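Trainee: have a look at this fold, sequence not included:
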DNA sequence: TTGTTTACTTACATGTTAGTAAGTTTATTT
DNA sequence: AAATAAACTTACTAACATGTAAGTAAACAA
């Protein structure tokens, strides 16, 4: 409910997606916010607590998004494209995926943050899996293997594509994005 | 030629692939090696210089590997599988890909390290692209789109899969790995 | 044998990090 | 009007980071 708290979460997420978890500090956030270092500790006593809150926030937003898709009666193609749009937006904003960023720092994360990251990843993979399976049954998509393995393939692809785009710049992300869809649609 | 120098490079690479570039310190290396901090600075004055040397080393090893494949007259399937084997090994050793690890820290890297990382990535993508194209012409592989876009897709997939495997543990990597090959082979 | 180079160590400078304790201001409740 | 709670700041600590300067012991070269 606090506006400062919300801004801290927003900035923390931004820094994870740009500099990475281990490269950003409470000072980066406090400077940007125009408060002192200790003010961030007031809301999030430890960096792990901030990490957890950012992830919990993302889980809630993801659940809200998928709930809305059901209400708006999106079909599986629309659902998948909405999901991919998140990555297209990240790429435009020169950010990488939260999962990808925290994933590559996994070992250095506090166990509590690791747990939340795993939870979020499992949630997304499960949802994707269901969308792919239903879409295939309806004849919207075509692919070999299980929907779950396809979901993991897609997720790792989007994650990796954002990172590759940083290194090679150009339109690497769009190239990969297009190739994924070309293969999936009948 | 120096054995200490070689060991520093080895340890630096190991730490990048496990803890990440920003999470490991010269102290991590010196402790492991049984020398003092300043000894690392003797060989690599700055962390960026160490990063560059690790990447240059990897480029040399990659070029040697691909050269050997030509000499041993490997076909494109064998070439591709040798490449993928690097990732299978990384997964077994609980390491992520150098490109993926440094890629997600890209913004925080010194420009000189960024440049070397881009060079290495372009080299690998180009080689992969050629293998895929020739393999397709020979009827070994099947895929839509350009070989270059397929190469980027494959690379981002392998990169992402290693990171996802850390988060979800289980046999995520093998699942993705199998799915990639199923799709590529005729 | 003397000088130089190699491969370090000791010791330190400087900055940054996560985190804490105690105090202050402002708003809200009793 | 007094007490309390929220939202901070000030001021600090301990640890660790990258990096440097100066010294040293051993090997090697002239």
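Mentor: All right, it came through fine. Keep in mind that this is a model prediction, so the values were computed, not measured.
Trainee: torsion angles phi and psi at the residue of chain A found nearest DNA strand C?
Mentor: Nearest residue of chain A to DNA strand C (Cβ to the nearest atom of the strand) works out as residue A:25 at 3.2 Å. All C-beta atoms are positioned from the backbone trio N, CA, C, and that covers glycine. With angles defined as degrees, to the nearest 10, residue A:25 shows backbone torsions of phi -130, psi 170.
Trainee: quick one, grab the pLDDT at it.
Mentor: Here, the pLDDT recorded for residue A:25 equals 98.
Trainee: show the low-confidence segments of chain A, by residue range.
Mentor: Within chain A, the segments meeting pLDDT under 70 span A:1.
Trainee: any chance you could map the helices in it?
Mentor: Across chain A, reading from the start of the chain, the helices by DSSP state H fall at A:3-18, A:26-33, A:37-43, A:47-71, A:76-92, A:98-104, A:111-137, A:147-168, A:172-184.
Trainee: closest to residue B:93 out of the ones you listed?
Mentor: Between residue B:93 and the helices of chain A, the tightest spacing by Cβ to Cβ is seen for helix A:98-104, at 15.5 Å.
Trainee: what lies in contact with the closest one?
Mentor: Counting contacts by Cβ atoms under 8 Å, 6 or more residues apart in numbering or on different chains, the residues outside helix A:98-104 that touch it are A:13, A:16-17, A:20-21, A:51, A:54-55, A:58, A:109, A:113, A:117, A:120-121, A:124, A:155, A:159-160, A:162-163, B:20, B:96, B:100-101, B:104-105, B:160, B:163-164, B:166-167.
Trainee: which parts of chain A sit against DNA strand C?
Mentor: Proximity of chain A to DNA strand C is assessed by Cβ under 7 Å from any atom of the strand, with A:24-28, A:37-38, A:41, A:45-48 identified as the residues in range.
Trainee: ok, back up a step: can you list the helices of chain A in a markdown table and add mean neighbour count?
Mentor: Listed next are these as a markdown table, based on neighbours: other Cβ atoms under 10 Å in any protein chain shown:
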| stretch | mean neighbour count |
| --- | --- |
| helix A:3-18 | 18 |
| helix A:26-33 | 16 |
| helix A:37-43 | 15 |
| helix A:47-71 | 16 |
| helix A:76-92 | 16 |
| helix A:98-104 | 27 |
| helix A:111-137 | 18 |
| helix A:147-168 | 25 |
| helix A:172-184 | 19 |
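Trainee: dump those into CSV; add distance to DNA strand D as well.
Mentor: Conversion of the helices of chain A to CSV gives the following (distance: least, Cβ to the nearest atom of the strand, whole Å):
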stretch, distance to DNA strand D
helix A:3-18, 3
helix A:26-33, 7
helix A:37-43, 3
helix A:47-71, 13
helix A:76-92, 28
helix A:98-104, 17
helix A:111-137, 18
helix A:147-168, 21
helix A:172-184, 29
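Trainee: distance of the residue lying farthest from the centre of chain A from residue A:92?
Mentor: Here chain A reaches farthest from its C-alpha mean at residue A:36, the gap being 28.9 Å by Cα atoms, centre = their mean. Look at residue A:36 and residue A:92: by Cβ to Cβ, to the nearest Å, they are 33 Å apart.
Trainee: could you do residue A:74 as well?
Mentor: As for residue A:74, its distance to residue A:92 is 22 Å (criterion: Cβ to Cβ).
Trainee: what is the burial count for the residue of chain A closest to DNA strand C?
Mentor: Residue A:25 is flanked by 14 other residues according to other Cβ atoms under 10 Å in any protein chain shown.
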